[in-house]
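Trainee: build me a model from this:
(one chain, ligands or ions: 2)
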Amino acid sequence: MGYLRDAPDDWLPLRLVDQDGTPLLGAELPPHDTVLAIFRWMVFGRVFDQRMLSLQRQGRIGTIGSIRGQEASAAGLGVAMQGLDWLAGSYRELLTYMVHGVPAETLISLYRGGVPGPFPEGVRALPVQIVIGAQTPQAAGLGLALKLRQERAAVVACCGDGATSEGDFHEGVNFAGAHHLPVVFFVQNNGWAISVPRARQTASATIAQKAFAYGMPAAQVDGNDALAVYEVCREALERARRGDGPSLIEAVTYRLGPHTTSDDPTRYREETEVKAREAEDPLPRLRRYLEHAGIYEEGLQERLEEEARESMGKAVAVAEAVPPVTPEQVFDLTWAAETDGARRERERALRELREVGEL
Ligand SMILES: Cc1ncc(C[n+]2csc(CCOP(=O)(O)OP(=O)(O)O)c2C)c(N)n1
Ligand SMILES: [Mg+2]
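Mentor: Ligands and ions are numbered 1, 2, ... in the order given. Take a look at the predicted model:
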């Protein structure tokens with residue numbers, strides 16, 4: 001008796017800057033231009049989010065997920081990535097996609113159901129994944145390709161807390177561990193998977209500790225501390241790029257908005273919980289750090305917001321000029337060389353659309 005052991009449960013999320021913007025004693029922080037770049041992207045993310053929600057309300061785009069409250073995780077990760085790194089993310093990482101070089105108009109067009117066109121030449125990112133967890137094994141596959149080609153680059157596989165309950169997640173992380181692949185698994189634990197709270201998702205004390213079962217190191221980081229996210233991602237990415245293998249980062253954050261525009265969170269979570277988390281908003285927190293460090297110039301945030309609104313205005317105009325996708329394009333853009341089965345599907349779909357007068 002007494003042979004069974006529990007996992008250690010004394011994790012404390014990594015934090016470099018406190019809620020009030022004060023750096024923790026001895027914390028090594030990124031240079032000022034990096035901090036300012038992260039702040040600029042966070043402001044852009046917030047403006048993007050607001051604009052996308054209002055476009056949806058006006059019927060100009062389809063269902064969209066909010067990233068409000070998660071900007072520190074998204075931007076801290078994005079700024080730590082380099083051009084040769086691959087991004088495999090979901091609808092919750094639209095800001096990371098933009099930091100990595102995907103133009104806002106491409107994403108807006110995607111959410112309009114238009115043909116977004118490929119990502120710009122040289123932007124290494126998989127299409128935005130909607131199937132929960134499916135990007136994890138795909139990212140492991142990309143990691144294997146980078147390893148075989150001996151490229152000095154890493155893959156980032158993003159997902160949410162809910163995705164860690166999917167088989168795909170475990171297969172992908174296990175494969176990367178077993179084959180020592182250059183992949184960084186970045187889990188944004190935002191407290192909820194639609195209406196399912198984190199506590200009901202897994203019995204383990206942290207999501208980070210799952211990494212140990214797959215033979216890789218992990219960190220749990222305060223996902224609302226943009227500079228801690230940046231630093232831990234930088235370490236994990238460098239480790240992967242130099243061939244030292246995969247790692248897993250759990251960024252503990254909070255989804256302040258609804259899951260998507262189709263969701264009513266008041267049906268499953270208390271307003272008091274949200275109010276308490278509003279106080280941990282990562283954007284004013286980083287701004288307080290900028291002020292503390294003496295690099296906040298009067299009116300900076302307002303200026304960045306204005307810039308972001310202007311560039312979003314242009315992006316919306318470009319996206320709205322893209323014609324809607326045609327039924328033929330659904331097939332043309334899916335298959336490089338159509339199979340017999342796909343050809344039959346195309347013929348049937350077009351025939352049925354003609355019959356109901358939609359074509
Ligand atoms: C395979 C699959 N199952 C179910 C869904 C429906 N669905 C969409 S988002 C979501 C919750 C995902 O939660 P989480 O992984 O925590 O990501 P978050 O949305 O919180 O960022 C579910 C179940 C889906 N898109 N794909
Ligand atoms: Mg979640």
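Trainee: spell out which parts of the stretch 51-200 of the chain neighbour ligand 2.
Mentor: Within reach of ligand 2 by Cβ under 5 Å from the ion, the stretch 51-200 of the chain has these residues: 160, 161, 162, 190, 193. Backbone N, C-alpha and C define where each C-beta goes, glycine included.
Trainee: would you list those residues in TSV and tack on pLDDT, neighbour count and secondary structure?
Mentor: What follows is these, written out as TSV (pLDDT from 0 to 100; neighbours: other Cβ atoms under 10 Å; DSSP: H, G, I helix; E, B strand; the rest coil):
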residue	pLDDT	neighbour count	secondary structure
160	98	27	strand
161	98	24	coil
162	98	23	helix
190	98	24	coil
193	98	20	strand
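Trainee: the helices in the stretch 251-359 of the chain, which residues?
Mentor: With helices called from DSSP state H, counting those that start in this stretch, the stretch 251-359 of the chain shows them at 271-278, 282-292, 300-320, 327-332, 340-355.
Trainee: nope, the stretch 1-150 of the chain is what I was after
Mentor: Along the stretch 1-150 of the chain, counting by DSSP H, counting those that start in this stretch, helices occupy 32-57, 71-80, 94-99, 104-111, 135-148.
Trainee: for ligand 1, what's its nearest residue on the chain.
Mentor: Residue of the chain nearest ligand 1, by Cβ to the nearest ligand atom: residue 160 (2.3 Å).
Trainee: bridging residues for whatever residue of the stretch 101-250 of the chain ends up closest to ligand 2?
Mentor: Residue of the stretch 101-250 of the chain nearest ligand 2, by Cβ to the ion: residue 160 (3.6 Å). Taking DSSP bridges as the rule, residue 160 bridges to residue 188.
Trainee: ok, it - contacts?
Mentor: Going by Cβ atoms under 8 Å, 6 or more residues apart in numbering, residue 160 touches 90, 92, 132, 187, 188, 189, 190, 193.
Trainee: same question, residue 315
Mentor: Applying Cβ under 8 Å, 6+ apart to residue 315 gives the contacts 103, 104, 105, 108.
Trainee: got it, and residue 109?
Mentor: By Cβ under 8 Å, 6+ apart, the residues touching residue 109 are 115, 116, 117, 318, 319, 322.
Trainee: near ligand 1, which residues of the chain are found?
Mentor: 92, 130-132, 159-163, 188, 190, 192-194, 255, 259 (Cβ under 6 Å from any ligand atom).
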